[in-house]
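S.K.: structural data only, the sequence is not supplied:
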């Protein structure tokens, strides 16, 4: 996970809310995750840290998974990482100091 990009909480919350409840946004994310991150205001500095393959289309997990992840991020028991390898987004559960360690929940696949 050391190559993964930790998504700041302010963007993680927006991302998870949209992936949990916004059908149109989910379609955009599945077609081009990088553009979807830009659409919610993720800074180019963060987007630029992602590998070129991150723009590849993916199939997302069910929206309920994102809702559950949202609650965990709100409660500060998890952080969202944008990964350099599929499934592209991971939820790191535990203290934020433990972000570089498993366990993680995957939200989609390539």
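M.R.: Thanks, I have the structure now. Please read these numbers as outputs of a predicted model, since none were measured by experiment. Numbers count the residues shown, from 1 in each chain.

S.K.: this protein: strands as residue ranges?
M.R.: 5-7, 59-60, 78-82, 89-93, 104-106, 108-109 (DSSP state E).

S.K.: lowest-confidence stretch among the ones you listed?
M.R.: With a mean of 45, strand 104-106 has the lowest mean pLDDT of these.

S.K.: residue 12 contacts residue 79, doesn't it?
M.R.: Yes. Judged on Cβ atoms under 8 Å, residue 12 makes contact with residue 79 at a distance of 6.9 Å. C-betas here are computed from N, CA, C, even on glycine.

S.K.: need the overlap of contacts for these two.
M.R.: residue 73 (Cβ atoms under 8 Å, 6 or more residues apart in numbering).

S.K.: flag the shaky bits of this structure, pLDDT-wise.
M.R.: For the chain, applying pLDDT under 70 flags the ranges 1-3, 83-110.

S.K.: can we see that at 80?
M.R.: By pLDDT under 80, the low-scoring segments of the chain are 1-5, 51-55, 81-110.

S.K.: how about the helices in it?
M.R.: Assigned by DSSP state H, the helices in the chain fall at 9-21, 23-31, 33-39, 44-47, 63-74.

S.K.: could you measure residue 13 against residue 38, distance?
M.R.: 17 Å (Cβ to Cβ, to the nearest Å).

S.K.: and what of residue 17?
M.R.: Taking Cβ to Cβ, one finds residue 17 at 17 Å from residue 38.

S.K.: who's in contact with residue 12?
M.R.: 73, 79, 80.

S.K.: now the first one, nearest residue through space, not along the chain?
M.R.: Going back to what we said before, that points to residue 73. Leaving aside its chain neighbours, residue 73 sits nearest to residue 12 (5.4 Å; criterion: Cβ to Cβ, 6 or more residues apart in numbering).
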